[in-house]
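In: whatever this is, show me its structure:
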Amino acid sequence: MPPPGVSGWEVPAVSWLLDHCPADYRLYAGWRRHPVALAWLTERHVEAQLIAMRQAYREARVEMSDYVPPEGISELMNGLEREGVRLLAAARGVKLIHEALQGKTFVAKL
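Out: Take a look at the predicted model:
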């Protein structure tokens, strides 16, 4: 994705944001026309996913142990952990895009 300030950077930013939302979000043209609103909404969606992953991680062993063998529980926990890491990275990216769409400028740090 091009950095903020580059002409047309909002177009790939909107696509990236939509990639982190349910597919049906693409039906709402107004959200694409107002990227800052889409970023605001995407922040909430990704945060809700993080909350759900954290809750699933806390409850998975107890709730699934009668239905999934131990190796399956291990795989489930491993997947939940990886998904949590992915969602944390997505949340950081969404926040940065939202801030850029609000006009915040970023200074490179060494």
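In: where exactly do the helices run in the protein?
Out: 10-19, 29-33, 35-64, 70-101 (DSSP state H).
In: quick one: those helices as CSV, columns for distance to residue 1 and mean pLDDT too.
Out: All C-beta atoms are positioned from the backbone trio N, CA, C, and that covers glycine. Formatted as CSV, those follow (distance: least, C-beta to C-beta, whole Å; pLDDT from 0 to 100):
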stretch, distance to residue 1, mean pLDDT
helix 10-19, 5, 96
helix 29-33, 16, 94
helix 35-64, 12, 97
helix 70-101, 8, 97
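In: can you tell me which of these is nearest to residue 107?
Out: Checking the helices of the chain against residue 107 by C-beta to C-beta gives helix 70-101 as the closest, at 12.7 Å.
In: ranking the helices of the chain by burial, who's on top?
Out: Among the helices of the chain, helix 10-19 has the highest mean neighbour count (mean count of other C-beta atoms under 10 Å), at a mean of 17.
In: what about that helix, distance to the chain center?
Out: Put simply, helix 10-19 sits 12 Å off its chain's centre (C-alpha atoms, centre = their mean, to the nearest Å).
In: any idea of the angle it forms with helix 35-64?
Out: 20 degrees (axes from the mean of the first three to the mean of the last three C-alpha atoms, to 10 degrees).
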